[in-house]
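Colleague: Sequence and predicted model, in that order:
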Amino acid sequence: MTSAVYAWIAIAMIVSGIFWGFYTLASAKPQPQPHLGFKGLRRKEALEEGGLFAAFEPLVRLVASWVAYLPLHEQRRQNEELLKHSGHYLGLTANEFFALSFLGFVGMSLVGLYLTYLAGLPPILFTVFGAIGAAMPYFQITGVRDERFKQVNRGLPAAIDLVSLCMGAGLDFPGSIRQLVDKSPDKRDALVEEFSWILQELELGKTRRQALENFADRVPTEAVRDFVGAVVQAEEKGNPLAEVLRIQANMLRMRRSVRAEEQAAKAAVMLMGPLMLIFGAIMICLLGPFIITSMEAGVF
């Protein structure tokens, strides 16, 4: 067989592969919407609120069905962990998270091409816009995760105090948490949502230890781990839970005060750099005209 025949065979195989790939993508059905659990609740809320995600949600599910063919097992596990820590933001799955990044890359790349064409900038700059678009979902979700952790850490000491007071008044631990959830003015607060999920898991038949450990898994901060460890240990050893919670709340407040003092001390050191720059700029503004006048007069 001649080299031309081999070339035609290679071209035919490439064309067949491309055709098969397009056929596979075109025949793929959008991934179903999550309807159960926390993801289903988040997705329902996101669609009811409307906005950009609600408009592109069918397209996101379609692209997610394409991403499902890719062997990204470890990346999917990491994305699922991140989405769990963010409170299942928008009810996204790991494949939908990849789809959002892909759509952001395509959309911002087109915007970059249009802007570079109008301004006459180098076309390579569109890749910068594409990279920003691909990273936007990640930064959004990590921001939601960090804000969620901050809300839980700030509200946990006061919530533990209220739970211990309710238990001192005769309620059990689940009943005290239910009072906290029902009387809360902000149902969208991260800590209130977490306590609601704990109650739901208890109603579904999980043990108190399992529900609390799942709470620590969703919000793996030091304050939450200490709270969960104290409650589990008190339950195992038979210690009075109300007193344990009262001690735990005081310890969390003390730890937060120490952390605030550490941050204040670090802020004073970090301000030295900007202050030196400002001082240097002031000295240049004051001495600059004198130095220029002296150089023109031949002093220097």
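Modeller: Arrived safely, thanks for sending. This one's a predicted model, so the numbers in the text were calculated from it and none came from an experiment.
Colleague: next helix or strand past the lengthiest helix in the chain?
Modeller: Secondary structure of the chain read by DSSP state H shows that its longest helix is helix 126-168. Scanning forward in sequence from helix 126-168 by DSSP states H and E, the next helix or strand is helix 173-182.
Colleague: Give me the next element, helix or strand, following that following helix.
Modeller: helix 190-203.
Colleague: between that next one and helix 173-182, how many degrees?
Modeller: 140 degrees (axes from the mean of the first three to the mean of the last three CA atoms, to 10 degrees).
Colleague: Please tell me how far the helix or strand following helix 190-203 is from the chain's geometric centre.
Modeller: Toward the C-terminus, helix 190-203 is succeeded by helix 208-218 as the next helix or strand (DSSP H and E). Mean C-alpha position of helix 208-218 versus that of the full chain (CA atoms, centre = their mean, to the nearest Å) differs by 20 Å.
Colleague: So for helix 208-218, what gets flagged as buried?
Modeller: For helix 208-218, the neighbour count (16 or more other CB atoms under 10 Å) marks 211-216, 218 as buried. In short, each C-beta sits where N, CA and C put it, glycine included.
Colleague: Stretch 37-52 now?
Modeller: Quick answer for stretch 37-52 (16+ other CB under 10 Å): 38-39, 41-43, 46.
Colleague: and what of stretch 153-165?
Modeller: Those buried within stretch 153-165 under the rule 16+ other CB under 10 Å are 153, 155-157, 159-164.
Colleague: so what does the longest helix of the chain touch, helix or strand wise?
Modeller: For helix 126-168, the packing partners by 3 or more CB pairs under 8 Å, 6 or more residues apart in numbering; DSSP states H and E come out as helix 73-85, helix 94-119, helix 173-182, helix 190-203, helix 222-237, helix 241-270.
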